[in-house]
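A.B. asks: Sequence and predicted structure below; questions after.
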Amino acid sequence: MLSHCANTDCHKPFLRLREGKLFLVETDRLTKRGEPSVPPFVRARQKPRQVEHYWLCDECAAQWTLIYDRERGVALAPAKRPIAKVAAAAAQSGVA
């Protein structure tokens, strides 16, 4: 269950769905350490991926998004600015 912001530098508690941004991240299903391996006939029926839930608070969601990398797992990545904001910033700076 979600309990706090996915940004490890932020400790804001998850209280309401209408605040922040909820992420459903599809990840590879991994066998946990100490867990017996699943026989091949059972493994074939299991979904190879699973969905995990993450949440970023309003402040973090304005600056960050979440990505899934097979090597690092779920990680923060800078949020892309909307094109309208980029165009407005370019117009103010005189860049065509």
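C.D. replies: Noted; the coordinates are in hand.
A.B. asks: Tell me where this structure has helices.
C.D. replies: For the chain, applying DSSP state H gives helices covering 40-43, 58-63, 83-93.
A.B. asks: what mean pLDDT does the longest one have?
C.D. replies: Okay, so that is helix 83-93. For helix 83-93, mean pLDDT rounds to 61.
A.B. asks: and what of the second one?
C.D. replies: Along helix 58-63, the predicted confidence averages to a pLDDT of 93.
A.B. asks: Contacts made by that helix with the rest, please.
C.D. replies: Where contact means CB atoms under 8 Å, 6 or more residues apart in numbering, the residues beyond helix 58-63 that reach it are 5-7, 10, 12, 19-21, 78-79. Bear in mind the C-beta positions are built from the backbone N, C-alpha and C, glycine included.
A.B. asks: State the pair within those that is farthest apart.
C.D. replies: Farthest pair in the contacts of helix 58-63 (CB to CB) is Glu19 and Pro78. Separation: 21.1 Å.
A.B. asks: neighbour-wise, which of those two wins?
C.D. replies: Taking neighbours as other CB atoms under 10 Å, Glu19 and Pro78 compare with Glu19 leading, 13 against 8.
A.B. asks: Name the nearest residue to that one, ignoring sequence neighbours.
C.D. replies: Asp58 (5.9 Å; CB to CB, 6 or more residues apart in numbering).
A.B. asks: And for that neighbour, the neighbour number?
C.D. replies: For Asp58, using other CB under 10 Å, the count is 12.
A.B. asks: do you know how far it is from Leu66?
C.D. replies: Taking CB to CB, to the nearest Å as the measure, Asp58 falls 15 Å from Leu66.
A.B. asks: where exactly do the strands run in the chain?
C.D. replies: Secondary structure of the chain (DSSP state E): strands located at 21-28, 49-56, 64-69, 73-78.
A.B. asks: quick check: angle from the third one to strand 73-78?
C.D. replies: With axes from the mean of the first three to the mean of the last three CA atoms, to 10 degrees as the basis, strand 64-69 and strand 73-78 are set at 140 degrees to each other.
A.B. asks: sorry, back to before: make a markdown table out of the contacts of helix 58-63 and add pLDDT and distance to Tyr54.
C.D. replies: Compiled in a markdown table, the contacts of helix 58-63 are given as follows (pLDDT from 0 to 100; distance: CB to CB, whole Å):
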| residue | pLDDT | distance to Tyr54 |
| --- | --- | --- |
| Cys5 | 95 | 9 |
| Ala6 | 93 | 4 |
| Asn7 | 94 | 10 |
| Cys10 | 94 | 12 |
| Lys12 | 94 | 13 |
| Glu19 | 91 | 14 |
| Gly20 | 93 | 10 |
| Lys21 | 93 | 9 |
| Pro78 | 92 | 16 |
| Ala79 | 88 | 14 |
